[in-house]
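[1] dropping a prediction and its sequence here:
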Amino acid sequence: MPPPKSCGAFPRLQHRALELHDSKVLSVVADGAAVRILLDAYVHVSTGEPGRDAGTGWSQQVALVVASGTVHEPHDGALWILDGEATLDGVPAGFLPLPLAVEGAVGLTFAGAEGRLRVSGRGLTLIEQGEPVFIEKVLASD
């Protein structure tokens with residue numbers, strides 16, 4: 001007996017990236033070996049390039065774990081990120097792909113109305129926590 005026929009189409013590959021702008025820092029914990037930043041993150045999902053191509057926007061808790069991390073500008077309490085930048089080996093990134101685990105020089109700078117947070121280290125791992133919650137459809141940027 002022949003195998004059942006599929007619909008004939010390849011599954012659509014979804015690309016996901018954490019957008020630093022519109023994310024919220026929930027907590028920062030330095031334990032000596034690493035700095036763990038918990039975000040209520042804005043995650044853009046697209047079949048193209050997140051942040052450029054159309055897709056959907058989601059909210060999900062994500063832990064940013066900075067290996068050999070140092071907090072240079074601490075911030076206590078919640079911080080809505082109005083302006084955020086990550087540098088990975090000196091290359092700036094406004095979006096961080098999910099999943100992510102990189103080694104090398106890392107810098108994170110988050111600024112909002114409540115203050116500023118700046119952390120550096122020697123590696124970055126993003127750990128998704130919980131289920132994502134749909135927020136909106138996202139149009140392609142020009």
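    Looks like it came in fine.

[2] helix or strand: which one has the residue nearest the centre of the chain?
    In the chain, the centroid-proximal residue (CA atoms, centre = their mean) is Leu18; its distance is 2.9 Å. Using DSSP states H and E, Leu18 sits within strand 15-30.

[3] for that strand, name the packing helices and strands.
    On a contact count with 3 or more CB pairs under 8 Å, 6 or more residues apart in numbering; DSSP states H and E, strand 15-30 meets strand 34-46, strand 70-73, strand 79-80, strand 83-88, strand 95-98, strand 115-138. No exception for glycine: its C-beta is placed from N, CA and C like everyone else's.

[4] please export the C-alpha coordinates of stretch 34-52 as PDB.
    Only the C-alpha atoms of stretch 34-52 are listed here, as PDB (Å, rounded to 0.1, in the frame of the first residue of the first chain):
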ATOM      1  CA  ALA A  34      26.500  35.100  35.500                       C
ATOM      2  CA  VAL A  35      23.900  37.800  35.400                       C
ATOM      3  CA  ARG A  36      20.400  36.700  34.700                       C
ATOM      4  CA  ILE A  37      18.000  39.200  33.300                       C
ATOM      5  CA  LEU A  38      14.300  38.200  33.100                       C
ATOM      6  CA  LEU A  39      12.300  40.000  30.400                       C
ATOM      7  CA  ASP A  40       8.700  40.100  29.500                       C
ATOM      8  CA  ALA A  41       9.900  40.100  25.900                       C
ATOM      9  CA  TYR A  42       8.300  41.200  22.700                       C
ATOM     10  CA  VAL A  43       9.000  38.400  20.200                       C
ATOM     11  CA  HIS A  44       8.500  39.000  16.500                       C
ATOM     12  CA  VAL A  45       7.700  35.800  14.400                       C
ATOM     13  CA  SER A  46       7.900  35.800  10.600                       C
ATOM     14  CA  THR A  47       8.500  33.400   7.700                       C
ATOM     15  CA  GLY A  48      10.900  36.100   6.500                       C
ATOM     16  CA  GLU A  49      13.300  38.300   8.600                       C
ATOM     17  CA  PRO A  50      11.800  39.300  12.000                       C
ATOM     18  CA  GLY A  51      11.800  43.100  12.400                       C
ATOM     19  CA  ARG A  52      11.700  43.600   8.600                       C
END
